[in-house]
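Student: Have a look; sequence and predicted model below, questions after that.
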Amino acid sequence: MRMQEYSSRQQHRQTLREGGRLPDGFQIAVSSLQFVPEERPSTNPFTMNLSLILADEPCTSFGLSLTKNRIPGAPITRARAVLNAESLQGILINNRVANVCTETGVEDAGDILAHLGAELGLDSSVLLSSSTGIIGWRLPVEPMKAALPGLVAQLGHDSMLAVAESIMTTDSFPKLRRIELGGGSIVGVAKGAGMIEPNMATMLAFILTDFDVPREVLREELAAAVSASFNRISVDGDQSTSDMVVALASGRRQRPDPREFGEALRLICRQLAEDVVRNGEGTRHVLRTTVSGAESELQAVAVAKAVVNSPLVKTALYGNDPNVGRIIAAVGDYCGNHDIAIDSHNVKLSIGEESVFFAGSFHLDKAKELRLSHYLQSTELLPDNTAGLEYPPHEMCVEVVIDLGLGSAAATVYGSDLSDEYVRINADYRT
């Protein structure tokens, strides 16, 4: 797969605009509204974006992957009830307010969808809501209902880029991927920058295809794709109340070879998942950690997440400091606390092309430390103190490979560094 590089925001957006051509059988619309949150001790208005994804006909083939957070948002509660529905035709997405654990959250979402259904001439049972933003605040129901006629009037076959931009919150750039095969296409968008460690990120993803894929096949392939992508990323180790991945198939094109379709869906999910990490709040480096030699794939994932979630590893990475001892410490800490009987003499660690730990010892010298530091600098998305990552200049990652020396299972997890900008964004999030 060719690694993308961008030299400007304009080049990045143009690439996404072209890649966002809608699969046959879908329309989209976006709009915005102003509201004053009831809970905020200020009269300054907020701007909320609304996005609508609508299939021309009800999609009997659809799939959902939802957060396992035991205190979920109202959209998740409603989505769980939709799983066994006959069909799904539209998704209404709002940013700014996550609609989580308010007294009337489920009812508010239902009220808004009922009004949207009336505008579209559809029963609201074929519509799904998805919300992202501040947890604990009520949706501005009346302003949202008032904005629906204008939203519906905007429906058309524009690029999915409009949706990718509209669903952003603290994201610095939109995330969109496209794969074409067999005369059809798969197009996906995602949002997420903080509160990212999904277990099915806050993270939303919407995937459209015009292939005629049976519901059971789509759901099986989506579950496998999510497990190997969105469930293997972490920005800050927090699982959101609102994580949601939705896939819709319009059935306009003949399905390609099932194996090829499954591979394409897994690829687009992995690309979007990596984009989410790359756009993590304050992220300067993407850390791709591969753990091999594990006794099981679950074990490999768990050890890799222990590394990418270590505050000491993350802060060293941010500072371009090749403090490899912190990685070995994170591995040993997790294994020791989970009764994984590794032998340090069988454990191996490499960073980029440099082998730094094997046979029970570190193998470091001044020249290698300097090469490692230069390697970290070369993978940096933006130099420190550079404001505003409005596009990803490259898709490079810091490559960390760990061999536990126990078995033959392996897994890869993506993470990010931890910057002072992340702290600032989350300290000021509601103010």
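Tutor: That came through fine.
Student: hey, where'd the strands end up in the stretch 151-300 of the chain?
Tutor: In the stretch 151-300 of the chain, the strands defined using DSSP state E, counting those that start in this stretch lie at 175-181, 184-191, 204-211, 233-234, 244-253, 286-294.
Student: so what strands line up beside the first one?
Tutor: Here strand 175-181 has these sheet partners by DSSP bridges: strand 184-191 (antiparallel).
Student: try the fifth one
Tutor: Next to strand 244-253 in the sheet, as set by DSSP bridges, lie strand 61-66 (antiparallel), strand 204-211 (parallel).
Student: Deepest in the core, which of these is it.
Tutor: strand 204-211 (a mean of 26; mean count of other C-beta atoms under 10 Å). C-beta: built from backbone N, CA, C; applies to glycine.
Student: Tell me what angle the longest helix anywhere in the chain forms with strand 286-294.
Tutor: Counting residues, the longest helix found in the chain (DSSP state H) is helix 258-278. Going by axes from the mean of the first three to the mean of the last three C-alpha atoms, to 10 degrees, helix 258-278 is angled at 130 degrees with respect to strand 286-294.
Student: same for helix 258-278, what does it pack against?
Tutor: Counting contacts by 3 or more C-beta pairs under 8 Å, 6 or more residues apart in numbering; DSSP states H and E, helix 258-278 is packed against strand 175-181, strand 184-191, strand 204-211, helix 215-227, strand 233-234, strand 286-294, strand 409-416.
Student: switch to 7 Å and redo it
Tutor: strand 175-181, strand 184-191, strand 204-211, helix 215-227, strand 233-234, strand 409-416 (3 or more C-beta pairs under 7 Å, 6 or more residues apart in numbering; DSSP states H and E).
Student: any weak-confidence spans in the chain?
Tutor: 1-2, 193-202, 235-241, 383-388, 425-426, 428-431 (pLDDT under 70).
Student: Could you chop it up by domain?
Tutor: The record's domain parsing of the chain by automatic domain parsing lists 9-278, 286-427.
Student: Compare those domains and give me the one nearest Met3.
Tutor: domain 286-427 (4.8 Å; C-beta to C-beta).
Student: end to end, how far does the closest one reach?
Tutor: 22 Å (C-alpha to C-alpha, to the nearest Å).
Student: do stretch 389-396 as well
Tutor: Across stretch 389-396, first to last residue, C-alpha to C-alpha, it's 15 Å.
Student: again with stretch 359-366
Tutor: End-to-end for stretch 359-366, by C-alpha to C-alpha: 20 Å.
Student: Give the buried residues for the longest helix of the chain.
Tutor: The neighbour-count check on helix 258-278 (16 or more other C-beta atoms under 10 Å) flags 261-262, 264-278 as buried.
Student: And for stretch 287-297?
Tutor: Leu287, Arg288, Thr289, Thr290, Val291, Ser292, Gly293, Ala294.
Student: And for stretch 123-141?
Tutor: 124-135, 137, 139-141.
Student: Report the distance from stretch 298-316 to the chain centre.
Tutor: Chain-centre distance of stretch 298-316: 18 Å, with C-alpha atoms, centre = their mean, to the nearest Å.
Student: Please verify my assumption that Ala205 contacts Ala190.
Tutor: Yes: contact criterion C-beta atoms under 7 Å: Ala205 and Ala190 qualify, at 4.1 Å.
Student: Determine the residues that are contacts of both of the two.
Tutor: Shared between the contact lists of Ala205 and Ala190 (criterion: C-beta atoms under 7 Å, 6 or more residues apart in numbering) are residues Leu272.
Student: Let's have the strands paired with strand 244-253 in a markdown table, adding distance to Ser42.
Tutor: Formatted as a markdown table, those follow (distance: least, C-beta to C-beta, whole Å):
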| stretch | distance to Ser42 |
| --- | --- |
| strand 61-66 | 33 |
| strand 204-211 | 27 |
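Student: Which of these sits closest to Tyr318?
Tutor: Across the strands paired with strand 244-253, closest to Tyr318 is strand 204-211 (C-beta to C-beta), at 26.4 Å.
Student: The closest one vs helix 215-227, what angle?
Tutor: 140 degrees.
Student: quick revisit: how about residues contacting the longest helix of the chain?
Tutor: Counting by C-beta under 7 Å, 6+ apart, 175, 177, 179, 181, 186, 188, 190, 192, 196, 201, 203, 205, 207, 211, 213, 217, 221-222, 224-226, 228-230, 233, 235, 255, 283, 286, 381, 392, 414-416 sit against helix 258-278.
Student: ok, of those residues, which come out buried?
Tutor: Applying 16+ other C-beta under 10 Å to the contacts of helix 258-278 flags 175, 177, 179, 186, 188, 190, 192, 196, 201, 203, 205, 207, 211, 213, 217, 221-222, 225-226, 228-230, 233, 235, 255, 283, 286, 381, 392, 414-416 as buried.
Student: Quick one: residues in contact with stretch 335-343.
Tutor: Gln299, Val303, Leu404, Gly405, Leu406.
Student: Confirm for me that the last one is in contact with Val291.
Tutor: What that stands for is Leu406. No: in terms of C-beta under 7 Å, Leu406 does not count as a neighbour of Val291; the distance is 10.2 Å.
Student: Which stretches in this protein count as helices?
Tutor: Counting by DSSP H, the helices of the chain are 9-19, 74-82, 105-120, 141-153, 161-166, 215-227, 258-278, 297-308, 311-318, 324-337, 366-378, 420-427.
Student: Compute the inter-axis angle for the fourth one and helix 105-120.
Tutor: Spelled out, that is helix 141-153. Going by the same axes, to 10 degrees, helix 141-153 makes 30 degrees with helix 105-120.
Student: Counting by contacts, list what helix 141-153 packs against.
Tutor: strand 26-35, strand 46-59, helix 105-120.
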